[in-house]
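**Q** Need a 3D model of the following:
(2 chains)
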Protein chains: 2
Amino acid sequence: MLNIKKPTLILNERICKKNISAMAAKARNQGVHFRPHFKTHQSAEIGEWFRKEGVTAITVSSVSMAHYFADSGWKDITIAFPVNILEIDEINELSSSIHINLLIESVETAFFLTEKITHPCGYFVKIDTGYHRTGIVDSDISLVEKVIQSANSPRLHFKGFLTHSGNSYQIKDKAALQNIQNITTERLLRLKKLYQGLYPEIIVSVGDTPTCSQLAINEGIDEIRPGNFVFYDVMQLALGSCKPEDIAVALVCPVVAIHPERNEVVIYGGAIHVSKESVLLQPSQKQIFGLVVRWDGNCWNANTLLGSITSISQEHGIISTFENACNLKPGDLVAVLPVHSCLTAHLMRTYLVQDGRVMNTMNS
Amino acid sequence: MLNIKKPTLILNERICKKNISAMAAKARNQGVHFRPHFKTHQSAEIGEWFRKEGVTAITVSSVSMAHYFADSGWKDITIAFPVNILEIDEINELSSSIHINLLIESVETAFFLTEKITHPCGYFVKIDTGYHRTGIVDSDISLVEKVIQSANSPRLHFKGFLTHSGNSYQIKDKAALQNIQNITTERLLRLKKLYQGLYPEIIVSVGDTPTCSQLAINEGIDEIRPGNFVFYDVMQLALGSCKPEDIAVALVCPVVAIHPERNEVVIYGGAIHVSKESVLLQPSQKQIFGLVVRWDGNCWNANTLLGSITSISQEHGIISTFENACNLKPGDLVAVLPVHSCLTAHLMRTYLVQDGRVMNTMNS
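**A** Numbers count the residues shown, from 1 in each chain, chains lettered A, B, ... in the order given. As a prediction, this is how the structure comes out:
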């Protein structure tokens, strides 16, 4: 029995390792390079579980995160975020000791790096194949060309084209997801073929958990960078990327009040623990902040659904239960499957593993 | 000039002290006890600014937060959250050295405390006057009576009736807000009058920033517990509780990419910095995650609006700018006024004050 008194993020090591192993095997079987995104777990120890699967190169979302993982022995890191030029000193420090890849999408940043970079590093041109968050629109060859021309330093090595098809989070149908992957692949491969004559080594890199979990990776893709699959969550469940029993983290929370007359249970566990991320879950058509399942003292059971968090404040979560408050009482514990495990893990900062071990993250 | 390279929460000390001073003066002038909620700032140092205004009693939202502020010298603390009975040891430890008030809303919790509490402490019966998050519905006299009867220990002192009218966040019109305050007051005073014969010292305690900021406190209210007013935020601005220049914190973020063709600017600053809290802002009718204003290197100017964050991921914020990306370029800094300052402060963990001093919080 774990001794839990307040909101605690529990990591199921077995499920997590199974998720890592499955994605590593998929990449191996399809012959694509696997460069997992570590922004979800942010933990050196979980990083080691990837290493055991043969992973040697990773993706992160900030310069600080790159430093943290470099300190734990990773020597090939893509910082999958438009370069923050204000951190040039930290970038130069990193590239003096390990191999890093940067993302460039503007002439200004390319010029800046050409002038200021002090050690060899790789760069990808960040391409927007339809998500419209960041990147150069794939059809804007003129800008792609200007950026490559502007990154004119013997220390800057052009590695290829990279995208994040975040639009894969906006669909709920496998055919639509396949369509996004097809368009993404086609657009990136067109760019690759255009520049391959000049740069024979360039690759195309994609990566989002819905596509990498649900579909075969398209022919021509060289590298995948999914991250969330390490834990999965209710968002991925809603998208069809995982089953309830694939979710590897749950926030265990004390029950503090019961309102059987309106089928509600109040837990100590709110926006500062699970985050304010919500998802519209079928068939209820309600915006929810987590699914609530039974906790037996050491494990949650993903198939004993008690209800969902339908309202959340700073420290309170309000669970709408299926019936009559499910016989819960103050002092009981329940487990919340988070909507967005990356944000919950970031907020909670440590994991409690079922053998009682506390695992740290870069935020501990 | 402050040296900022990545998302940094700036605290404007002058505005913050003005907000504290104004609310303390209002309470004094209206003759109500001021027991500010410290969950917004979570900082011992900001606590001292309240002490200088004569504050001696405070409100917190967790047992951990009570311990933190007890350690910095506060001796009268209401934990405004339904008692988490799993933390009974921590509660007994607190009540052995300072005065604490607990919130009870169930017979089970009242029985538990009667049996387990080891030192004198106060308790309020938590009343639901219409928000329907927690508390006993005010008309359920039978349950109120059972709870008071069950809290049958010489160590448990009945202090009165407490509510949080969180429904004040659901309206945008002063008349409706006044109506909520009137209903709340009337319902609490009815209970007070009912029990005053038996317990002559009991009080009624209310507290939410919209009511306390926008309205005169109703006759009969004994104590107010607002918290957010210390910083205010875009939510309070939308509700009419403050003006832009009353907001005391802003997240300063680097610009990393520009998309003038769609009037968008990408900043390093996302859900892990500002939170995913959003608000529907008039007149745009868009759900936004922050308002973006100019940063001059040392100060933001709340009246130089550049745009708003209309989309947010883990580390990216997408600003919809008013026109042509406002001449911003990668490496520039902008200031984000947060939608919910409590969550932003919790995520950021420290404040950078304009004289360059770093102020810690309980999460540092």
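
**Q** The stretch 101-250 of chain A against chain B: which residues are in contact?
**A** Counting by Cβ under 8 Å from any Cβ of the partner chain, the residues of the stretch 101-250 of chain A close to chain B are A:E105, A:S106, A:E108, A:T109, A:F112, A:H132, A:R133, A:T134, A:G166. No exception for glycine: its C-beta is placed from N, CA and C like everyone else's.

**Q** Any quick ChimeraX command for the buried ones out of those?
**A** A single ChimeraX command is used to select the members of those judged buried by 16 or more other Cβ atoms under 10 Å in any protein chain shown:
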select /A:105,106,108,109,112,133,134,166
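
**Q** Tell me which of the residues of the stretch 101-250 of chain A next to chain B fall in helices.
**A** Those of those mapping onto helices are A:E108, A:T109, A:F112, per DSSP state H.

**Q** Redo those residues as TSV? Include distance to B:G220 and pLDDT.
**A** Putting these into TSV (distance: Cβ to Cβ, whole Å; pLDDT from 0 to 100) gives the following:
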residue	distance to B:G220	pLDDT
A:E108	62	96
A:T109	62	97
A:F112	63	98
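
**Q** and A:R35, what does it touch?
**A** Neighbouring residues of A:R35 by Cβ atoms under 8 Å, 6 or more residues apart in numbering or on different chains: A:V55, A:A57, A:I58, A:T59, A:T78, A:S205, A:G207, A:E223, A:I224, A:R225.

**Q** cutoff 6 Å now
**A** Applying Cβ atoms under 6 Å, 6 or more residues apart in numbering or on different chains, we find A:R35 in contact with A:A57, A:T59, A:E223, A:R225.

**Q** List just the nearest of the ones in helices among the residues of the stretch 101-250 of chain A next to chain B to B:K243.
**A** Looking at these and their distance to B:K243, the nearest is A:E108, at 35.9 Å (Cβ to Cβ).

**Q** thought the closest one was touching B:P330?
**A** Yes - counting by Cβ atoms under 6 Å, A:E108 does reach B:P330; the two are 5.3 Å apart.

**Q** which outside residues touch the helix or strand where A:I319 lies?
**A** In the assignment (DSSP states H and E), A:I319 maps to strand A:316-321. Outside of strand A:316-321, the residues within contact range by Cβ under 6 Å, 6+ apart are A:263-267, A:269-270, A:292, A:306-307, A:309-311.

**Q** okay, the residues you listed in JSON lines with neighbour count, distance to B:T185 and secondary structure next?
**A** JSON lines is the format used below for the contacts of strand A:316-321 (neighbours: other Cβ atoms under 10 Å in any protein chain shown; distance: Cβ to Cβ, whole Å; DSSP: H, G, I helix; E, B strand; the rest coil):
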{"residue": "A:N263", "neighbour count": "16", "distance to B:T185": "30", "secondary structure": "coil"}
{"residue": "A:E264", "neighbour count": "20", "distance to B:T185": "25", "secondary structure": "strand"}
{"residue": "A:V265", "neighbour count": "26", "distance to B:T185": "29", "secondary structure": "strand"}
{"residue": "A:V266", "neighbour count": "25", "distance to B:T185": "24", "secondary structure": "strand"}
{"residue": "A:I267", "neighbour count": "31", "distance to B:T185": "30", "secondary structure": "strand"}
{"residue": "A:G269", "neighbour count": "28", "distance to B:T185": "31", "secondary structure": "coil"}
{"residue": "A:G270", "neighbour count": "25", "distance to B:T185": "27", "secondary structure": "coil"}
{"residue": "A:V292", "neighbour count": "30", "distance to B:T185": "35", "secondary structure": "strand"}
{"residue": "A:L306", "neighbour count": "22", "distance to B:T185": "37", "secondary structure": "strand"}
{"residue": "A:G307", "neighbour count": "23", "distance to B:T185": "34", "secondary structure": "strand"}
{"residue": "A:I309", "neighbour count": "28", "distance to B:T185": "31", "secondary structure": "strand"}
{"residue": "A:T310", "neighbour count": "17", "distance to B:T185": "29", "secondary structure": "strand"}
{"residue": "A:S311", "neighbour count": "18", "distance to B:T185": "25", "secondary structure": "strand"}
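
**Q** backbone phi and psi for A:G270, please?
**A** phi -140, psi -150 (degrees, to the nearest 10).

**Q** and if you look at A:V144?
**A** Here A:V144 shows phi and psi, under degrees, to the nearest 10, equal to phi -60, psi -50.

**Q** number of nearby residues for it?
**A** Using other Cβ atoms under 10 Å in any protein chain shown, A:V144 has 20 other residues around it.

**Q** contacting residues for it?
**A** Applying Cβ under 6 Å, 6+ apart, the residues near A:V144 are A:V125, A:I136.

**Q** How confident was the prediction at it?
**A** Note on A:V144: pLDDT of 98.

**Q** beta partners for A:M359?
**A** A:Y351 (DSSP bridges).

**Q** where does the stretch 251-364 of chain A dip in pLDDT?
**A** Low-confidence segments of the stretch 251-364 of chain A, defined by pLDDT under 70: A:324-325.

**Q** Check chain A for its longest helix and report it.
**A** Max-length helix for chain A by DSSP H is helix A:174-196.

**Q** So what are the sheet partners of the helix or strand following it and their directions?
**A** Heading C-terminal from helix A:174-196, the first helix or strand you meet, by DSSP H and E, is strand A:203-206. Counting by DSSP bridges, the strands paired with strand A:203-206 are strand A:156-162 (parallel), strand A:223-224 (parallel).

**Q** okay, the ones you listed in TSV with mean pLDDT and mean neighbour count next?
**A** As requested, the strands paired with strand A:203-206 are exported to TSV (pLDDT from 0 to 100; neighbours: other Cβ atoms under 10 Å in any protein chain shown):
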stretch	mean pLDDT	mean neighbour count
strand A:156-162	98	22
strand A:223-224	98	23
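
**Q** for these, which one sits closest to B:I4?
**A** strand A:156-162 (26.0 Å).
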